[in-house]
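Trainee: 3D model of this:
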Amino acid sequence: YEQRAYLNMDAVGVIHMCQKAIQTLARMSGGSMHKVGNELDRIQRDVVVLMNHSSGDWSSHTEYAGRVLLGLGLGNRPEELF
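Mentor: Model prediction:
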């Protein structure tokens with residue numbers, strides 16, 4: 001589980017770094033990015049969905065990864081969701 005804990009933390013960290021990069025690009029692009037069909041607008045929406053999904057939930061990942069890395073196991077979290 002230890003390797004998995006590190007991988008989960010890396011994955012959620014990458015999602016958060018992507019969100020910051022996309023937000024910066026969106027701010028620098030101004031209103032023109034909101035045109036229908038603009039790829040940057042779609043990417044920004046996709047990242048927002050990831051941030052609202054469990055895959056981007058920093059609190060959840062840090063809690064369970066921390067438990068595993070401290071040797072406390074998964075607690076009440078199903079193994080399939082870890």
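Trainee: For this structure, which segments count as strands?
Mentor: In the chain, no strands are defined using DSSP state E.
Trainee: Can you list the low-confidence ranges for it?
Mentor: Within the chain, the ranges that satisfy pLDDT under 70 run 33-34, 36.
Trainee: Check the offset of the lengthiest helix in it from the chain's centre.
Mentor: Selection of the longest helix in the chain by residue count, based on DSSP state H, yields helix 2-29. Put simply, helix 2-29 sits 6 Å off its chain's centre (C-alpha atoms, centre = their mean, to the nearest Å).
Trainee: List the buried residues for it?
Mentor: Residues of helix 2-29 classed as buried by neighbour count (16 or more other C-beta atoms under 10 Å): 5, 8-9, 12, 15, 18-19, 22, 26. Backbone N, C-alpha and C define where each C-beta goes, glycine included.
Trainee: tell me the centre residue of the chain?
Mentor: Geometric centre of the chain, nearest residue: Gly56, 2.7 Å, by C-alpha atoms, centre = their mean.
Trainee: how far away is that one from Gln3?
Mentor: Applying C-beta to C-beta, to the nearest Å, the value for Gly56 to Gln3 is 21 Å.
Trainee: do Gln44 as well
Mentor: From Gln44 across to Gln3, the span is 32 Å (C-beta to C-beta).
Trainee: Same check on Asp46?
Mentor: For Asp46, the distance to Gln3 (C-beta to C-beta) stands at 28 Å.
Trainee: Check Ser32 too.
Mentor: 44 Å.
Trainee: same check, this time on Asn76
Mentor: 22 Å.
Trainee: Likewise for Val49?
Mentor: Using C-beta to C-beta, we find Val49 at a distance of 27 Å from Gln3.
Trainee: before we move on, back to that, go ahead and confirm the residue nearest to the centre of the chain touches Val12.
Mentor: Yes. The criterion here is C-beta atoms under 8 Å, and Gly56 meets it with Val12 at 6.2 Å.
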